[in-house]
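>>> Got a sequence here, can you model it:
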Amino acid sequence: MSEDQMVAIVTVPFIGAPDGEVYGREFAVGDEVHGELAAVAIREGWAEVPGQPKAKKKTEG
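Residues are numbered from 1 along each chain as shown. Next up is the predicted model:
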């Protein structure tokens, strides 16, 4: 899936500017984000791809 078609669901609140917009806004848990913003949110751990299993967190032992 290309970045312009990327969709993600926010899991951690963050401030970001949607694609094509100049000003950022607050995104809350459960919000849907698209495009490059979705790709960045997934990479930074602020969102997940809908329908994919959640990544397991590493535990130190």
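>>> What's the separation between R25 and G35?
When distance is defined by CB to CB, to the nearest Å, R25 is 15 Å away from G35. C-betas here are computed from N, CA, C, even on glycine.
>>> What segments of the chain are strands?
Using DSSP state E, the strands found in the chain span residues 7-10, 14-16, 25-27, 32-34, 47-48.
>>> can you list the weak-confidence ranges in this structure?
1-4, 53-61 (pLDDT under 70).
>>> more crowded one of R25 and G35?
G35 (17 against 10; other CB atoms under 10 Å).
>>> I'd say that one and A17 touch.
No - G35 lies out of contact with A17 (CB atoms under 8 Å); the separation is 10.9 Å.
>>> Can you name the residues that contact the closest residue to A28 other than its chain neighbours?
Using CB to CB, 6 or more residues apart in numbering and skipping the chain neighbours, the partner closest in space to A28 is P13 (5.5 Å). Contacts of P13 were listed using CB atoms under 8 Å, 6 or more residues apart in numbering, and they are 26-29.
>>> same deal with D31?
9-10.
>>> again with M6
34-36, 38-39, 42, 49 are the contacts of M6 under CB under 8 Å, 6+ apart.
>>> Weed out the non-buried ones from the residues you listed.
35-36, 38-39, 42 (16 or more other CB atoms under 10 Å).
>>> among those residues, which are in helices?
35-36, 38-39, 42 (DSSP state H).
>>> Columns distance to I9 on top of these, output as a markdown table?
Shown next, in a markdown table, are those (distance: CB to CB, whole Å):
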| residue | distance to I9 |
| --- | --- |
| G35 | 14 |
| E36 | 16 |
| A38 | 9 |
| A39 | 14 |
| I42 | 10 |
